[in-house]
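Colleague: Sharing a model that was predicted from the sequence below.
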Amino acid sequence: MALFPLPLSRRVIYWLLACVGVPLLFLVGLEIGLRLAGVGYPTSFWIQKTVQERPVWIPNWQFGWRFFPKKIARKPEAVVIPAKEVNDVYRIVVLGESAAQGDPQPEYGFSRMLQVMLEAHYPGTRFEVINAAMTGINSFAVRDIAQDSLCLQPDLFVIYMGNNEVVGPFGAGNVLKRFPTPLWMIRTHLAFQTTSLGQGMAALLGARDSGDPDTWMGMKMFDDLVRWESEPLQRIYSNFRTNLHSMLVRARCANTRYILCTVGVNLRDCAPFGAIHGEGMSVDTLLEWNALWEEAVQLETQGKVAEALDLYLALEELDARHAGVQFHIAQLLLATQNPSAAAKRFTRARDLDALRFRADSRINEMIREAAEFDSNTTLVDFERVLQEASEHGIAGSAHFYEHVHLNPQGNYLLAQTVLDSLEAMLPGDIQNAKIDPMLAFDEVLQQLAYTDWNAYQVLQTLAERINEPPFLYQSNHQEQQVFLQQAMRQLMETPQAEAMAQALEIYKNALDAKPNDSAIRSNYAGLLVAMGQIDEGLEVYRGLLRENPFDPTVPVRMGDAYTKQQKTDDAVTMYDLALTIRPDYNRAMYYKGISLANGGRIHEAIRLFEEFLVLYPDHGHGHVNLALLYKNQNQPEKAMAHLETALRLNRRDKLALNHYGVALAEQGKLEEALQHFKAALRIDPAFMAARKNFSMAIQKLNTATP
C-alpha cells in the first residue's frame, strides 16, 4: 500500500498545533482551573459592591500588588462611589501620586478644595470630585487606574503626576533596586500579573528571600543616586512619555476629557537630596574641590556672601554637575538681589538632584507636549502659575510643606487654577448658572473644617518626617527644622483646651452645612475622642462604618477609642474587624497586640507580636513592644535581642534607644545607658521618659562614685 506524504502546508499547520496550540490549550485550561480554585486576586482599581442595598464602587486595596511586593504595596484611600445615574452628577476623577492625593492630609487636599469651590460656584449642579490618587505610584499605575476608572463614567479626568517616575515602580531609583527594563517587558509583566497563573507564579517566587523590604518606611528607603545624563533615566523619560500618550488616546476613544497639569515643586526651600560629582573627575581635582567646598561653606556660615559666592562659582568651574553647588549659588544670588539668576540656579539644582523625588524640567516639558498632542486635553501649567504666585518667581515654603506636597495655600492655588480651566469645558446650562465670585481661601478652609488642631497634627507629622533620611542630609535641614518649630510654637500660643473648643465649634458649623461629609465627620469623631468625649466619637464612627463597611481605618480608630476607655475586649473586636476587611492591615495587627498587652493578656500579646514580626521583620516598634513583653515575663535575653534588632533597623529610634538604655542601667552599665538616653534626647529634646531615665542614671552613677 503506497504512502502519500502530507502537503507542506498541512504539515506546517500540524506542527504549529503541536508546538503552539497544545501548550496554549494547556495554559488556558490551567488558568481556568486556577480561577475556579480561587487562586489570585482582583487587579482592577475599582470593585463593585453593595452598601445599604445600593450598587457602589470601592477601590481595590490589592491593586498595588502588581506594582509592589505585597507587604509594602501602596493602597488607595477607602471611599464609596455610588453607581452613576444618567446625567445626575458631573463627575471628575483626580489621578496622580501623593501630591495629588493631598498627603499628608488628603481631607484638605486639592480634590476636596475643588469639590467645595465647584459646589459654591455652580450651586444648581451636583459635582463629585473623586480622589483616585495613590502614594508611591507613577505613570505605570496611573495609566491602569485611568483605564479602570472609565467604569465610573467620569466627565473629566484631572492628572497631576510626575514626582515618582524615578523612585516609583520600574524606576531607576526605586526601593526594589530593579533597574528599568524596556517598556514592552514591563507591560507584558503587568499584563501577566492580571492572570491567576501569573499571580500564582509571583506568589511562589515571592516566597523565596528576594531581598525586598518587609515594611514601608517612607522616603528613607530610597538611596539610589541617578545621574542627570544616565541611560536608565533616559529610558524612564521615554516610558513616561509613552504612558502619558497612551492614557490620552484611551480617553479620546472613550470620549472623556482630560485636564493635564504640570507639576510644581519646592525649589527655594528644598536643598537637593543627593549631590554627586560629574563623571571623570581626577583624584587631584576632587581633593581641590573638597578643600574649596569646606572654605565656601565656612564663608557662607560667617555671612561673607560675596566671598562665598566667588568660591562656589570656582567650584562650578571644576564640576558643573554638582546639585549642591547650584543650590548654594542660587541662595547667594538671591541674597545679593539677583532673583532671576537665582531662579535658574534653583531649577538647575532640582534637575541635577541625584535622589529624584521631584518632577524635573524634562518631565514638565513632556506634559506640555502631551497636552498639545491631544485636542481633548487642556493644559494647566501649574508650574508657571506657581512661579507667578511666588516671591521672586521661585516656588517655596509659601505653597509647600516640604519638597512636593502642597500646603493648604498650594492646594487652593491648584484647585483655583484647575477651576479656571474647567469652566470653559462645562456644558452650557451649567456655565449659565454660575455664581461669582469664586470662594476665597478662608471660606474654603471653613467649609472643610480646617482648624488649628488639624494644622498642629500635620506639623507634628512633618517634624517626624524631616528628621529621617533623606531630609536629614539636606544642607538646609536645620532651617527646615526652625521653620517647623516656629510654626508649631505659633499654634501652641492658644491653650490646648481652648484650641480644641474652637475646633469643635468649627466642625459643628461645617457639619450643619454638610451633614453627610464623611471626611469632616471622621475628623470630628477624632476630635471628640481626643477631648475625652469618647462615647460621642464612637457613635459618629458607627455611622461611618455603616455607610462604608469596607474602610478598615474606621474600626481601627474605634479600637483606639475603646483602648482609651480601657475596654480591651471591645478594642480587640474592632481590630479583628479591621483585619477581616483587610487581612494585611499591619496597623490593626500591631495595635491589637498593644491592646492585648494593656488588658493583661500577655501570652496572647506575645504570640501575636511573634506572628507580626514573622510577617514584618523590619518593624522596629514591633520589636520594641515584644521586648517589653519578654521583659514582663522575666526573659531579659530575649528582650535585649529584640531591642538590639530595633536599633539595628533604625539607630534613630528614640523608643528603642530609651528602652535599651533602661535595660543597660538594670545591668549596672550606667555609662552605656547614659549614652543611649542622650542619643534619644538629641532626636527629641522633649522626650520626657528619656529625660527622666537620664536623671535617674546620673543619680545612680553619682551615688556609686566614691
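Modeller: On my side now, so go ahead. From a predicted model like this one, the values you see are computed outputs, not experimental measurements.
Colleague: Could you list the low-confidence segments of the chain?
Modeller: Flagging of the chain using pLDDT under 70 yields the residue ranges 1-6, 8-18, 20-24, 26-27, 31, 173-180, 206-212, 214, 217, 704-706.
Colleague: Can you give me the buried ones in stretch 132-149?
Modeller: 132-149 (16 or more other CB atoms under 10 Å). Quick note: C-beta positions are derived from backbone N, CA and C, even for glycine.
Colleague: What of stretch 220-230?
Modeller: Using 16+ other CB under 10 Å as the test for burial, stretch 220-230 gives 221, 222, 224, 225, 226, 227, 228.
Colleague: Out of those, which is nearest to residue 577?
Modeller: Comparing the buried residues of stretch 220-230 against residue 577 with CB to CB picks out residue 221 as the nearest, at 30.1 Å.
Colleague: contacting residues around the closest residue to residue 200 other than its chain neighbours?
Modeller: Excluding its sequence neighbours, the residue lying closest to residue 200 (CB to CB, 6 or more residues apart in numbering) is residue 39, at 5.2 Å. The neighbours of residue 39, taking CB atoms under 8 Å, 6 or more residues apart in numbering as the test, are 196, 199, 200.
Colleague: May I see these organised as JSON lines, with neighbour count and secondary structure added?
Modeller: Below are the contacts of residue 39 laid out as JSON lines (neighbours: other CB atoms under 10 Å; DSSP: H, G, I helix; E, B strand; the rest coil):
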{"residue": "196", "neighbour count": "19", "secondary structure": "helix"}
{"residue": "199", "neighbour count": "20", "secondary structure": "helix"}
{"residue": "200", "neighbour count": "16", "secondary structure": "helix"}
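Colleague: Identify the residue nearest residue 438 in space, chain neighbours excluded?
Modeller: Residue 438 sits nearest to residue 121 (CB to CB, 6+ apart), 5.9 Å away.
Colleague: do the same with residue 625
Modeller: Once flanking residues are discounted, residue 625 sits nearest to residue 609: 5.9 Å by CB to CB, 6+ apart.
Colleague: list the buried ones in the host helix or strand of that neighbour?
Modeller: Residue 609 belongs to helix 602-615 when elements are defined using DSSP states H and E. Buried residues in helix 602-615, counting neighbours by 16+ other CB under 10 Å, are found at 605, 606, 608, 609, 612, 613.
Colleague: Tell me the spacing between the second one and residue 501.
Modeller: Spelled out, it's residue 606. Counting by CB to CB, to the nearest Å, the gap from residue 606 to residue 501 is 42 Å.
Colleague: Is residue 259 bridged to anything, and to what?
Modeller: Beta bridges link residue 259 to residue 158, residue 378, judged by DSSP bridges.
Colleague: Would you mind confirming that it makes contact with residue 382?
Modeller: No - using CB atoms under 8 Å, residue 259 is not in contact with residue 382; the gap is 10.3 Å.
Colleague: When those two are compared, which one has more neighbours?
Modeller: Between residue 259 and residue 382, counted using other CB atoms under 10 Å, residue 382 has the larger neighbour count: 24 against 21.
Colleague: Helices of the stretch 551-700 of the chain, start to end?
Modeller: Applying DSSP state H, counting those that start in this stretch to the stretch 551-700 of the chain gives helices spanning 553-564, 568-581, 586-598, 602-615, 620-632, 636-649, 654-666, 670-683, 688-704.
Colleague: Out of the ones you listed, flag the one nearest residue 71.
Modeller: Minimum separation from residue 71 across those (CB to CB) falls at helix 602-615, 7.1 Å.
Colleague: ok, the residue nearest to residue 565 when sequence neighbours are not counted - contacts?
Modeller: The shortest distance from residue 565 to any non-neighbouring residue, by CB to CB, 6+ apart, is to residue 534 (5.6 Å). By CB under 8 Å, 6+ apart, the residues touching residue 534 are 528, 561, 564, 565.
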